[in-house]
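[1] no FASTA, just this:
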């Protein structure tokens, strides 16, 4: 499902460029420097891992088809409206 998310577009359009479009570790910024080994900055990820997080809807469709869902699937999503009221 990660490949179906256009993180750069979400960062740009929904968050108006105020967040990074790249995945991050649980600890980032200053804490990642203090607590070494708990996570690695996106820039240090190997290219094959970055590819798994890149927006690639064709690859996402193929993975779904390979998993037995050639037409996708339906699901429900729970949204925290207290912190993201405009997502409704």
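    Right, received. Where do you want to start? Bear in mind the structure is a predicted one, so any value in this text is a computation, not a measurement.

[2] can you show me the helices along the chain?
    7-9, 30-34, 47-53, 57-66 (DSSP state H).

[3] would TSV of the ones you listed with mean pLDDT, distance to residue 72 and mean neighbour count be doable?
    Where you see a C-beta, it was placed from the backbone N, CA and C, and this is true even at glycine. Listed next are the helices of the chain as TSV, based on pLDDT from 0 to 100; distance: least, CB to CB, whole Å; neighbours: other CB atoms under 10 Å:
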stretch	mean pLDDT	distance to residue 72	mean neighbour count
helix 7-9	94	20	13
helix 30-34	64	36	11
helix 47-53	94	19	11
helix 57-66	96	6	13
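
[4] save those helices as a markdown table, and put in distance to residue 81 too.
    Supplementary listing: the helices of the chain in a markdown table, determined by distance: least, CB to CB, whole Å:
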| stretch | distance to residue 81 |
| --- | --- |
| helix 7-9 | 22 |
| helix 30-34 | 28 |
| helix 47-53 | 26 |
| helix 57-66 | 27 |
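
[5] closest to residue 78 out of those?
    Proximity to residue 78 (CB to CB) singles out helix 7-9 among the helices of the chain, at 20.0 Å.

[6] residues touching the closest one, excluding its own?
    Residues from elsewhere that reach helix 7-9, judged by CB atoms under 8 Å, 6 or more residues apart in numbering: 21, 22, 23, 53, 55.

[7] right, I'll call it a day here.
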